[in-house]
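Peer 1: quick one, what's the 3D model for this:
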Amino acid sequence: MALAVSGCGSDSADKRNAKAATASGTPSVSASATPSADQTAAVALVFKTYKAAVLAKDGPAAVDVVANTTYEFYDQARVSALDASKQELAALAPAKRMTALVMRGSLQADVLRSSTPKQLLVAAVDAGLIGEDGVKSLEIGQVQVSGESATAAAKVRGAATDFDLAFVRQDGQWKFDLLPLLDVGTRGFETAAKQQGMTVNEFIDAALEQQYGQEKFAQIVSRPLGR
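Peer 2: Here you go, the predicted structure:
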């Protein structure tokens, strides 16, 4: 769930990186005891499954292929959405701040209070909060498998990028690790903000204000939902 807004800056590698980070079907693919060619195919299928699930707003299918390493980030963002003051939000890393703000603005308070990180991701995918434009344009390139981890070259609309997609194998099944995409998104936001003479927080605030409207965004950023 890289809960972020796409469409930043020019059609450059940095813009493609920011869009890919907003990217945020079928059962997970077993890759145990299979030849290398089969493992690379299994990794590619995991990505394609995640992408199809996000575009179809099928939360359970998306969660089925997401790595456990992703969930701590979203639980921390959930806590910030519930409890953080405006000043505390401003001190967060850009990706976590944006995720917390979108959670606060788009998900019901009782959902945030009661959900596990997996349930939150299901709700976010079902609600279309994963950045469909970014996911739609993101493609997988050549896969490299190394033991229990794998990387794949990332493409956006067929064009090469300077980052890789990451995968890990859990209990014999390949899963998509979303955390590296959040770092990519932060770099994209930093570049786009610099181009527009803004800080990263100002850039994110402008995008979310456009999404929610000035009055609602002022409430989102200043009013914790509480427990």
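
Peer 1: every contact and neighbour count from this point should use C-alpha atoms.
Peer 2: Noted.

Peer 1: next, the buried residues of the top strand by length along the chain.
Peer 2: For the chain, the strand with the greatest residue count under DSSP state E is strand 159-170. Under the neighbour-count criterion of 16 or more other CA atoms under 10 Å, strand 159-170 has 161, 163-169 buried.

Peer 1: now the helices for the protein?
Peer 2: Per DSSP state H, the chain carries helices over the ranges 13-21, 36-55, 59-63, 71-83, 86-90, 94-106, 109-114, 117-126, 132-137, 179-195, 200-212, 214-222.

Peer 1: relative to residue 145, which of these is closest?
Peer 2: Proximity to residue 145 (CA to CA) singles out helix 36-55 among the helices of the chain, at 6.6 Å.

Peer 1: next, the angle helix 117-126 makes with the closest one.
Peer 2: Comparing the axes of helix 36-55 and helix 117-126 via axes from the mean of the first three to the mean of the last three CA atoms, to 10 degrees yields an angle of 60 degrees.

Peer 1: and the gap between the closest residue in space to residue 122 that isn't next to it in sequence and residue 40?
Peer 2: Distances taken as CA to CA, 6 or more residues apart in numbering put residue 59 closest to residue 122, at 3.9 Å, once the chain neighbours are dropped. Using CA to CA, to the nearest Å, residue 59 is found at 25 Å from residue 40.

Peer 1: pick out whichever of these two has more residues nearby.
Peer 2: Ranked by neighbour count (other CA atoms under 10 Å), residue 59 and residue 40 place residue 59 first, with 24 against 21.
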